[in-house]
Every structure is written in C-alpha cells, then in structure tokens.
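*Asks:* Predicted structure and sequence below. I'll ask about it afterward.
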Amino acid sequence: MPFAMTLMLSACAASTEVGLVKDQTAFLEAVKSAEPGDVITLANGTWEDFEILFTGQGEKDNPIRLTAQTPGKVILTGQSNLRLAGEHLEVSGLVFKDGYSPTQEVISFRRNKDHLANNSRVTEIVIDSFNATERQEASFWVMMYGKNNRFDHSHLVGKRNKGVTMAVRLNTEASQENYHRIDHNYFGPRSILGSNGGETLRIGTSHYSRTDSFTTVENNYFDRCDGELEIISNKSGKNKFLNNTFYESRGTLTMRHGNNNLVEGNVFFGNGADHTGGIRVINAGQTIRNNYMEGLKGTRFGGALVVMNGVPNGPINRYDPVINAVIEKNSLIDSDNIQLGAGSDEERSGVPQDSRFENNLIVNKDGRDVFTVYDDMSGIDFKGNVLGSMDPPDFAGGFERKSVNLQSRGDGLSFPVGMDGVGIDKSLKVTTKNQTGVSWYPKTEPTIEFGSGKIINIEPGDRVLSSAIQKAEAGDTIVLAAGDYVAGKFLFIDKPLTIKGTGSNKITFERSTLFEIRDGGSLQLQDLVISGDDSPDYAGNSVIRTSPYSMMENYRLDISGVKFTDLDTNHSFNILSAAKNTFADYITVSDSSFKNVTGAVFKLDKEDDDYGIYNSEYLTISDSNFENIGGDVVDYYRGGRDESTFGPHFSLTGSSFENVGFDKRNSSKSSLLLHGVQVTDITGNTFKNSAPFVINHTVGEPKTKIFKNSFVKTAGPKVLELNSILENTAMISDNKGLNP
Ligand code: CA
C-alpha cells in the first residue's frame, strides 16, 4: 500500500507544473513557456503524425521533462518522430509504433546541425517496428549528438530496414568527447538484413575514428541481434563496453576503428546458434578483460575472439594494427574459434605488437583446438592461460593443459572448481533481460511458429482455399479433406500458415501464381500434390512468388511431402519466384518431388545490382527428386564484394536430379547456379543426364563441399574463383562418375 501511495503522489506532482497536454498546439505552447523543473505531460491516447520538437533550457537537477500521462499509454503513430535540443531535457514513457519517421531518424538528440541536445536524457521509450516500407532505404532509430546525454531503459525491437538501429555521432566538435551513457536498454531481435547496414549499435564513423568519444555502453541486453556481421561497430576512441549481455546474436562486438577502448564484464551466450560471435580486436590500446563467452559457433572474422592484422600506416578507413592490447581473464567455454592475425595478407601485414594475452580460460568439451594463427604472434606475450583438455598450441608458450572441472552457477556462467585467477572473476554479474528496457511493454517472441495455432478443416468446394486462408489467423493449420481443389484466385499469404493434405489431394490453379507471400506471411506446405494442369497458357507462371513490393518482414517457406507436377503449360514456369527486396530467413524442402517443370525450381536471383544483397539466408533441400526440369533447380545470386553477411547458405543432400537444365532458355546451361553463396554443402546426391553445376566464388572465404555424390552422364561441377588468383577452394571428393 505505501508503494502505491507514493506512485500516485508522484503522478499528481508530475502533472501540476504545466498540466496535461491534449493536442499538438497545446504542446507547442507548453514547450514555448517551459522553465526549469516544468513537466509537460502528453495525454494518454494515440498521437498521429506528431513530429515532436522538444527544446528548452533546463538546469542541472532541475530538467524540463516531457513525459506520458501513463508510461506506455501515449502512442506515437503515423509519421512521427522526436527531436530534442537544448540543455537538461528529459523525455520518458513514449511508444513509437504503427508508423515511421518521415525523416531519417526517429529519435534525434538535435534539432539540426547547429542546435544539439546536451546533458539530456531519453529514458523508458519504446520503438517497435517503426519502419517505412522500403527494405533498402536507410533510416535510423536513435541518433545521439551533443555531450553528456543518456539513453537508457528503453526497448528497441523490430528494426527491419537498412541502417543501424542506434548510433552515436561524432561529426562535429560539439559531439566529440561526449561522455554519453547508453545503459539498461533492451535491444530486441533484429532479423537478418541480407546485406550491409544491419548493425545494432555504432559509435562514430570511420571519418572521425581517430577521435575520442568517451561513451559508456553498459548493462544492455542484445537479444538475437542478427542483422549482419557487426552487432556493435565501435568506430571511435576511449569508449567502455561494460557488463552487456549478448544472447544468441550473430556477429561480434567489433572494435572496427578507434583506440583505447575497454571491453569488460560482457557475457556472450551463443547456445550453439549459427554465426554467434564474441569480440573482434583491431587498433591500439584495447583492453578485453573479464568477458564470458559460451557456445559461440562463429567462424573467421565472426569468431569468439578475433585479433586482426592491420595495415601499417594505412589510411583512416582501413584496419590499424593491434598495439598494446590487453586480453586477460576472459573465459571461453565451448566456443569454436579464436583467430590470431586474422586477415593477414599483403596489405594487412601489420602483426599485433606489445600486447598481452594472460590468464584466460579456454575450455572445450571435446578438446578440439580452437586456435587459428595467420601470422607471427611474437608481439603478444602469452602467459598463464589454461586450456582444459586441448593440446597447447605450438605458436607460443604460456598455455597450460590442465584438467578443468566446470561448475555452473545457475545464472548461465560456469567457473572452474578450485582454480582462481584464471578466466572471469566470480564477482561478474550477468545483465538479465528483465533488468533492461521497460516493465510495461512485453518482450514478445519475434516470430509465430508454424502449427502453433488452431486447425481449420476444409472439404473440396467453391473457393474454399481462399476463404479458409482469409479467415485463418497466424500459426493456424488448414487441413484438406480428401479430394481435389481448384484455386480460381491468387492465394495471398500475409501471416504464417500451414496447408496440409492427405498426400494425394491435388491443387490446381487458374491464375499465373498459386500463392503470393506478402509482408508478414510465411508458408508451410505438407503432403499435397500441386499441378499446373489448369494454369494459364502464358510464359512465366509460378507456384509461389513473393510480393512485388518491398517486404520488410523476412518470410519462411517450408515444404515437405509435396509433389509438384506438370508445371509446363508454357515456358519459364517456376516453382518459387522471389522478387527484389524480399528476403527469406529460410527455405526448406524435404521428401518432395518436382516433375515436368519448364522453368527453374528456386529462382533467387533478383538482387542483381551487386550491392551485396540476396534473396534468402538458407536454402536447404533434402531427400527430394527433380525430374525433367528446364531451368536450374536453384538459381541463387549474391553479388558485390562487400563482406558484411554470413549467407547465403545452400545445402542439397540425399536428392536426385534427372534431365535437369537443358531448356534452350536456360542461359547458364547449368542445373545449379550458385553465385556468391558463402556456404555450400552438396552431399550424397545422384545427378543423371543433367547439365553441370556452376558455382562462382566471388567474395569472402566461401566454403564449398561436394562429397559422396554420384554423377551419371553429367559433367562435373564448374567452380570458378571470379575475384581471386588463388587456387580453387572447393572441396570435391568421394564422388562417383566424375572425370578426375
Ligand atoms: Ca556493417
């Protein structure tokens, strides 16, 4: 009871100064007359198209405040944003959703270039999926300018378009050496962007990277921030990253530019998720101390701990060499990769110097060696490191193999029993999800799983499919009774849905496509027969296509036990046609067959501008058969030379091709065309009377494995290194019927 009383009292006190503001005109008046200590309170409700400009001169310990009548009940929608400029301002309690900013920024700590905010705070703010409609049009959610500002206890989730979620700018002197604090924020799931520009937090830019920022980033929670290679891109000096938690986030905290930064007490839980990484060290004077990493699967630049080579006396936008680094008392448990001298080549020839690597604990259950060393490591002094069952590496001393008994403490951290002074300190506390963001806005799961909703039973009849799809809710399963179904309309999929048959129901369709996946849609097809018997006699039909308009939400497509047949009414009939600016988290196919198709099966080649963009992160095909296919089974394109993405990934296992790729319109003359794919696994398949594969390695270090396949009257794979003079890196072995 006393607690509730206090709350009520403070709420009353808060609304006495300027009073409740109920419309935009009243807000303008209130701002004009606001004096130190005043509180401007926005009335509960929805504020549409409200571009808030909050200016004023508060005083230390006596700020001018802008707040919500009830935190979380003031909703900014439509074309809204917030700019603050002046001294000692404080904003709290607002929610931005169901709209987007008409400018490049949602929250900006400045009015314009000359009028910045200083000594100000934005706290307990929610920005939820506040995105415009173009996936590749850059925008930013929070931009900090000025000095001594704080952004804290806020909830940022659902940034889906190009552009960093939050950044600290150092573009004028008035924003340098800023001493900002970014703390206790919940950085909710950020989906894979499929190109550069998906960072969650950036401090500085390469242009001002030799400038100090003095920004502290502490006690934040990064929940599946999967946008791209860099979760955090540090590009300035003297910042501190303290006690943040990185939960199943792909990518790394990257010390991309800037010197003398401190990374201490951070916790990385990978839980074995693909591409989860830790810390990447570049430049001079970095300290990496007392950090905990467990279950990180990242490779190469995305490993658990990566120390780069640099360019000696290089230009400002290149990697500076690592000098005076201190890497000590970190615990790396069951993490796959520690890379030293990474990126070593003719240009990046500057090895780490005058650095220390001490008292780190490196333990793997399987005793596998996690070190990859690319260059001379004599500039690092290795001392007192403990390795568990791993053999000490041969490039340096200072590693001891020692039996380690790890004990879990219940907060996710494990400590070696009876071993002090090695690995993280027992005083390290994990920042939990609950300690971040706001208490009044739920931290919901980003996707609705297939099959999580109700069952809708339908029987053959007039327009039954389209009306069932319209009525269904996200996660529902539409179950088809025995019989055949004709779709006379496009079936628009704008929510996750499962359509399941008996294994013999035949679906035919009279429009140029059967399913169109739209923004928010995902599709699972099970145990069906899909035939082109009733399709129009025009070129370019598809069974499934993605929206012709930019899709902000990534979709999922899962096909199992489906027979696709007679998709040959005219030429260039594809199974899936992906449009530009649409992106699949995954496409999975199993136990399915594809027969008599005039076009391609998976056409994922529309991002042809060579901007490093592509159409799907994973394409996984298993135990499926492809017979009489005119085009490629897969046409997968990722152009450009940028190295910010982990994908695309491709896997084909336990499947067969027969008579694939020979249609005269198939210009590549191939049965599989993979361009710029980063990870390829083709194992245990049979290829008969088919055109060869064409695999173009263009960027990164693509991993291509072609193992244990059988080739019958089919030419061998053509793997080309388009931008490298080095030897072909594809691993091709144990195949039958390949001419050596
Ligand atoms: Ca980037």
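*Replies:* Sure, I can see it.
*Asks:* Can you get me a residue count around residue 732?
*Replies:* Residues within reach of residue 732, counting by other C-beta atoms under 10 Å, total 16. Where you see a C-beta, it was placed from the backbone N, CA and C, and this is true even at glycine.
*Asks:* In three-state terms, how would it be classified?
*Replies:* Here residue 732 is strand, with the state taken from DSSP: H, G, I helix; E, B strand; the rest coil.
*Asks:* next one: residue 549
*Replies:* Per three-state DSSP, residue 549 ends up coil.
*Asks:* Now the lengthiest strand in the chain - C-alpha only, CSV.
*Replies:* The single longest strand within the chain, with elements called by DSSP state E, is strand 555-567. C-alpha atoms of strand 555-567 as CSV (Å, rounded to 0.1, in the frame of the first residue of the first chain):
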residue,chain,number,x,y,z
TYR,A,555,9.5,-14.9,-44.6
ARG,A,556,9.9,-18.6,-44.1
LEU,A,557,9.0,-21.3,-46.6
ASP,A,558,8.8,-25.0,-45.6
ILE,A,559,7.8,-27.7,-48.0
SER,A,560,7.6,-31.4,-47.1
GLY,A,561,5.9,-34.3,-48.7
VAL,A,562,4.7,-32.3,-51.7
LYS,A,563,4.6,-33.5,-55.3
PHE,A,564,4.9,-30.7,-57.9
THR,A,565,3.9,-31.9,-61.3
ASP,A,566,3.2,-30.8,-64.9
LEU,A,567,4.1,-27.2,-64.5
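*Asks:* Who are the contact partners of the residue of the stretch 301-450 of the chain found nearest the ion?
*Replies:* Here the stretch 301-450 of the chain gets closest to the ion at one residue, residue 301, 11.3 Å apart by C-beta to the ion. Shown here is residue 301, whose contacts under the criterion C-beta atoms under 8 Å, 6 or more residues apart in numbering are 229, 252, 280, 308, 339, 342, 343, 643.
*Asks:* part of a helix, is it?
*Replies:* Yes: under three-state DSSP, residue 301 falls within a helix.
*Asks:* picking up where we left off before, tell me the one among the contacts of residue 301 nearest to residue 359.
*Replies:* Distance to residue 359 across those (C-beta to C-beta) is lowest for residue 339, with 19.9 Å.
*Asks:* wait, isn't that closest one in contact with residue 303?
*Replies:* Yes: counting by C-beta atoms under 8 Å, residue 303 is a contact partner of residue 339 at 4.9 Å.
*Asks:* higher neighbour count, the two?
*Replies:* Counted by other C-beta under 10 Å, residue 339 and residue 303 do not tie: residue 303 has more neighbours, with 28 against 23.
*Asks:* contacting residues around the more buried one?
*Replies:* Taking C-beta under 8 Å, 6+ apart, we find residue 303 in contact with 252, 277, 278, 280, 296, 335, 336, 337, 338, 339, 342.
*Asks:* Out of the residues you listed, grab the one that's most surrounded.
*Replies:* In terms of neighbours by other C-beta under 10 Å, the contacts of residue 303 top out with residue 277 at 33 neighbours.
*Asks:* and it, that's in a strand?
*Replies:* Yes: counting by three-state DSSP, residue 277 is part of a strand.
*Asks:* Quick one: residues contacting it.
*Replies:* Counting by C-beta under 8 Å, 6+ apart, residue 277 has contacts 231, 250, 251, 252, 268, 270, 296, 298, 302, 303, 304, 306.
*Asks:* thought residue 91 was touching residue 54?
*Replies:* Yes: at 6.4 Å, residue 91 counts as touching residue 54 under the criterion of C-beta under 8 Å.
*Asks:* Could you pull out the residues contacting both of those two?
*Replies:* 66, 82, 84.
*Asks:* Switch the contacts of residue 303 over to TSV; also include pLDDT, secondary structure and distance to the ion.
*Replies:* TSV is the format used below for these (pLDDT from 0 to 100; DSSP: H, G, I helix; E, B strand; the rest coil; distance: C-beta to the ion, whole Å):
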residue	pLDDT	secondary structure	distance to the ion
252	98	strand	11
277	98	strand	13
278	98	strand	17
280	98	strand	12
296	98	coil	19
335	97	coil	22
336	96	coil	22
337	97	coil	20
338	97	strand	22
339	97	strand	19
342	95	strand	17
